[in-house]
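Q: below: sequence and its predicted model.
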Amino acid sequence: MKKSLHRLRNIGIAAHIDAGKTTITERILYCTGLTHKIGEVHDGTALMDWMEQEQQRGITITSAATTCTWKKHSITIIDTPGHVDFTVEVERSLRVLDGMVAVFCAVGGVEPQSETIWHQANRYHVPRLAFINKMDRLGSNFAAVLEQMREKLQARPIAMQLPVGRESQFSGVIDLLSMEYLSWQDNSGMLEFSRQPIPEALTADAEQWRHDLWEQVAEHDDELLEEYLEGRELPAEKVKKVIRRMTIEDGFVPVFCGSGLKNKGIQPLLDAIIDFLPAPDDVPPVTGINPLNQEQESRRPSPREPLTALLYKVAMMEGRRLSYVRIYAGTISQGQELYNPRLQDKEKVARLFQMQAHKKTRISEAGPGEIVAIMGFKRSATGDTLCEEDHPLLLEGMEFTRPVISAAIEPKLNSDQDKLWDVLLKLSDEDPTFDARIDDETGQMLISGMGELHLEIIQDRLLTEYNLGTNLGKPQVLYQESITAAATKSAQFERIDEEEKEKQFARITVTVAPRPRESGNLITLSDALEGFSERLLESVNEGVEEALNSGVAQGYPLVDVAVHIEAIEGDSADFSKVALKISAANAVRQALREARPVLLEPSMNVTIVVPPEYVGEVIGDLNARGGKVNAIEHQDFYTTINARAPLRSLFGYTTSLRSATKGKGSFTMKFSGYEPSRAK
């Protein structure tokens, strides 16, 4: 069934951990009639948290997509994780979404992961709404969260509602467009609400908030500005249209509020998703590079345009490989062969599905703006473009944070050795921030990820999904190496084969130099080598990359190093792949030793929330761990400490913090970057 583009919405729901994303999503699914019973995170019955590990821990681990209908509009929702270890799920979801609902806790406000998600959305220019949740909680403060949005996120929030009552007295909201009081009954147990006149005691406040709303909107529309300056009442429908345009084009953020757990505020949020977030034809046409001529091309969201789609996620489900795809132009049909420009090959669509979390509904065709799952792809990976061979296009891919922690893993049964390796490769295909390798020196299997929880989840999945019992070693920090100075060195390789009477010789000179942090490695050639054989230069590059893979300080990979091939000397008849590769590798290693190598370790931004009486003790412990306090923020009932600390000192910190604060403290951390190690 073909869907009207203007009646489609692709949105994500994202927030800091425990802000209530999944709880709100479950209410949306109930309101729209997709489910007939409200799933609860704390009971392990949420539809969107379908993985066993999610139900046991009460957190979202993987982004789940589902499609529901509200007022004749089809809304595809992706519920994303809030835990920093699984930020990859947010990254790849935002890449393909047209809009986002950012959920903030009315007590915690703008928390660390909220900032990370907000900046990710900025990078992909995703229009968004804000929903301030948990208005019924002790310490909730609607106005304070708006101010934090302005200060911490540099956002431009527009309050569309005003909460009625605070904390346990929260009963509903005032709609500032219609100037009505929307009231939900606590004892109804359902999501029904009534529209009532605004209580007289709140009329003055509501008028002031609506005046502020009008003022913000009038600045962006000449007709409304004229009416506003003349003191006339602004028509609600006209105001709504301008807010929609401001949200999609200018980055304004309409703000709503409620309590997901108490079923308050959900229907107005659904209306806002339709009213203010864009349809696929409201956003600019997708652009990419034509690999045939390297020119930029665009595709409009039309079924008549050449097929253009992005594979944004690979998932193993019930032992099958599912590829999640966002279609930007053209159509995909079951049985169709799609061209992958990276592979320069085609892959066949064996089956096509619309997803409801982990439940699959088979469909025969999907068009622009739709997010679907495909079964049958074998080699296409996250970030790949799918198109027509006659009209190829490469869309911008995705960049993911490198793993920062690793641990040795082994099967409990020796007979499972090969099976374990095969499964680990499948999981690394699914998750770009997870890696598996075999250590060259010890022969151990090593897995790497974004944190201790990430590796624990992997181990748990091996058991529950693949019946593989494993032993996991103690987590270790993934170090890197770099250099702090430039150096030039030469090395040569010479060998004479007595039997073949052949001589192999090459002498290579290289210069190594440091590059800015996080800029990556760079290999360049001297102008004098422009005519050198490309086939032989491949061997030189292999030697350079081999040397950079194992540093001279402690054997860790080198990063942010520039290698310039100054000269290749010798008789071209004597050049061989072996001679060029070995001489290049040796020259680089010798130069690295002279370039003042340095060990780098992952550093984390840490946010610690504790009662005020424990601040001194917590800061003292943090300093002892090599941390540095950047800021301290005092709120009504707690203090927030923002700090930076090496990852190696934060293993087991949760237990230490809880012990020091009698269970009242909590912390979150996110990867900041690599810094010179101070470890002794």
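A: That came through fine.

Q: list the contacts for Ala130?
A: The contact partners of Ala130, taken as Cβ atoms under 8 Å, 6 or more residues apart in numbering, are Val101, Ala102, Val103, Phe104, Met149, Ala155, Pro157, Val253, Pro254, Val255, Phe256. Just so you know, the C-beta spots here come from the backbone N, C-alpha and C atoms, and that holds for glycine as well.

Q: equivalent analysis for Ala106, please.
A: Applying Cβ under 8 Å, 6+ apart, the residues near Ala106 are Ile132, Asn133, Lys134, Met135, Arg137, Ser140, Asn141, Phe142, Val145, Cys257.

Q: from Gly12, how far off is it?
A: According to Cβ to Cβ, to the nearest Å, Ala106 and Gly12 sit 21 Å apart.

Q: and Thr654, what pLDDT?
A: The confidence metric pLDDT takes the value 78 at Thr654.

Q: kindly apply the preceding question to Asp636 instead.
A: 67.

Q: mean pLDDT per helix and strand in the chain: which one sits at the bottom?
A: helix 52-57 (a mean of 50; mean pLDDT, DSSP states H and E).

Q: show me where the stretch 451-600 of the chain dips below the pLDDT cut-off.
A: Scanning the stretch 451-600 of the chain for pLDDT under 70 picks out 497-501, 572-574.

Q: quick one: the helices in it?
A: Secondary structure of the stretch 451-600 of the chain by DSSP state H, counting those that start in this stretch: the helices cover 452-466, 534-549, 577-594.

Q: of those helices, which is nearest Ser406?
A: Taking Cβ to Cβ, helix 452-466 is the member of these nearest to Ser406, at 8.2 Å.

Q: restrict the closest one to CA atoms and write it as PDB.
A: What follows is helix 452-466 as a C-alpha-only set of coordinates in PDB (Å, rounded to 0.1, in the frame of the first residue of the first chain):
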ATOM      1  CA  GLU A 452      32.200  -2.700  31.100                       C
ATOM      2  CA  LEU A 453      28.400  -2.900  30.600                       C
ATOM      3  CA  HIS A 454      28.900  -3.200  26.800                       C
ATOM      4  CA  LEU A 455      31.200  -6.300  27.200                       C
ATOM      5  CA  GLU A 456      28.900  -7.800  29.900                       C
ATOM      6  CA  ILE A 457      25.900  -7.500  27.500                       C
ATOM      7  CA  ILE A 458      27.900  -9.200  24.700                       C
ATOM      8  CA  GLN A 459      28.800 -12.100  27.100                       C
ATOM      9  CA  ASP A 460      25.200 -12.400  28.100                       C
ATOM     10  CA  ARG A 461      24.000 -12.500  24.500                       C
ATOM     11  CA  LEU A 462      26.500 -15.200  23.700                       C
ATOM     12  CA  LEU A 463      24.700 -17.400  26.300                       C
ATOM     13  CA  THR A 464      21.100 -16.500  25.700                       C
ATOM     14  CA  GLU A 465      21.100 -16.200  21.900                       C
ATOM     15  CA  TYR A 466      23.800 -18.700  20.900                       C
END
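
Q: contact partners of stretch 546-554?
A: Applying Cβ under 8 Å, 6+ apart, the external contacts of stretch 546-554 come out as 479-481, 521, 556-558, 561, 563, 581, 584-586, 588-589, 592-593, 597-599.

Q: okay, the most centrally placed residue in the chain and Val126: tell me how far apart.
A: Against the mean C-alpha coordinate of the chain, by Cα atoms, centre = their mean, the closest residue is Glu91 at 2.2 Å. Shown here: Glu91 relative to Val126, a distance of 12 Å by Cβ to Cβ.

Q: also Phe667?
A: Relative to Val126, Phe667 is positioned 28 Å away (Cβ to Cβ).

Q: more neighbours: which of the two?
A: Val126 (25 against 20; other Cβ atoms under 10 Å).

Q: pull the contacting residues for the more buried one.
A: Each residue near Val126 by Cβ under 8 Å, 6+ apart is listed here: Gly12, Leu94, Leu97, Asp98, Gly99, Met100.

Q: burial check on the third one, number of neighbours?
A: In terms of burial, Leu97 registers 26 neighbours under the definition other Cβ under 10 Å.

Q: tell me the SS of it?
A: Here Leu97 is recorded as coil under DSSP: H, G, I helix; E, B strand; the rest coil.

Q: next, give phi and psi for it.
A: With angles defined as degrees, to the nearest 10, Leu97 sits at phi -90, psi 150.

Q: where are the low-confidence patches of this structure?
A: 1-3, 36-63, 81-87, 186-191, 441, 497-501, 572-574, 636, 679-680.

Q: can you do 50?
A: In the predicted model, the chain carries pLDDT under 50 at residues 1, 42-44, 49-50, 53-55, 57, 59-60, 188.

Q: still on that earlier bit, show me the contacts for the residue nearest to the centre of the chain.
A: Neighbours of Glu91 in contact, by Cβ under 8 Å, 6+ apart: Gln120, Met398, Phe400.

Q: with Arg507 instead?
A: Shown in contact with Arg507 (Cβ under 8 Å, 6+ apart): Ser490, Ala491, Gln492, Phe493, Ala567, Ile568, Glu569, Gly570, Ser583.

Q: which of those residues count as buried?
A: Buried members of the contacts of Arg507, counted by 16 or more other Cβ atoms under 10 Å: Ser490, Ala491, Gln492, Phe493, Ile568, Gly570, Ser583.

Q: how near is the second one to Gln504?
A: What it means is Ala491. From Ala491 across to Gln504, the span is 14 Å (Cβ to Cβ).

Q: the third one now?
A: Relative to Gln504, Gln492 is positioned 11 Å away (Cβ to Cβ).

Q: what do you get for the fourth one?
A: Per Cβ to Cβ, Phe493 is found 7 Å from Gln504.

Q: cool, and the first one?
A: When Cβ to Cβ is applied, the distance between Ser490 and Gln504 equals 17 Å.

Q: these two touch, right, Arg210 and Met179?
A: Yes: using Cβ atoms under 8 Å, Arg210 is in contact with Met179, at 6.7 Å.

Q: so between these two, which is more surrounded?
A: A direct count of neighbours by other Cβ under 10 Å for Arg210 and Met179 places Arg210 higher, at 20 against 15.

Q: point me to the helix or strand that includes the more buried one.
A: Assigned by DSSP states H and E, Arg210 belongs to helix 203-218.

Q: next, the buried residues of that helix.
A: Ala206, Trp209, Arg210, Leu213, Trp214, Gln216, Val217, Ala218.

Q: return the residues in contact with the third one.
A: Same thing as Arg210. Leu176, Met179.

Q: in stretch 403-417, what counts as buried?
A: Buried, per 16+ other Cβ under 10 Å, within stretch 403-417: Pro403, Val404, Ile405, Ser406, Ala407, Ala408, Ile409, Pro411, Asp416.

Q: output it as PDB - backbone C-alpha positions only.
A: The C-alpha coordinates for stretch 403-417 follow below in PDB (Å, rounded to 0.1, in the frame of the first residue of the first chain):
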ATOM      1  CA  PRO A 403      36.300   1.000  21.400                       C
ATOM      2  CA  VAL A 404      38.200   2.000  24.600                       C
ATOM      3  CA  ILE A 405      38.100  -1.200  26.700                       C
ATOM      4  CA  SER A 406      39.000  -4.800  26.000                       C
ATOM      5  CA  ALA A 407      39.000  -8.200  27.700                       C
ATOM      6  CA  ALA A 408      40.100 -11.700  26.900                       C
ATOM      7  CA  ILE A 409      37.300 -14.200  26.300                       C
ATOM      8  CA  GLU A 410      37.300 -18.000  26.000                       C
ATOM      9  CA  PRO A 411      34.600 -20.600  25.700                       C
ATOM     10  CA  LYS A 412      33.800 -22.800  28.700                       C
ATOM     11  CA  LEU A 413      34.000 -25.800  26.300                       C
ATOM     12  CA  ASN A 414      37.100 -26.200  24.100                       C
ATOM     13  CA  SER A 415      34.800 -27.700  21.400                       C
ATOM     14  CA  ASP A 416      33.100 -24.300  21.100                       C
ATOM     15  CA  GLN A 417      36.300 -22.400  20.100                       C
END
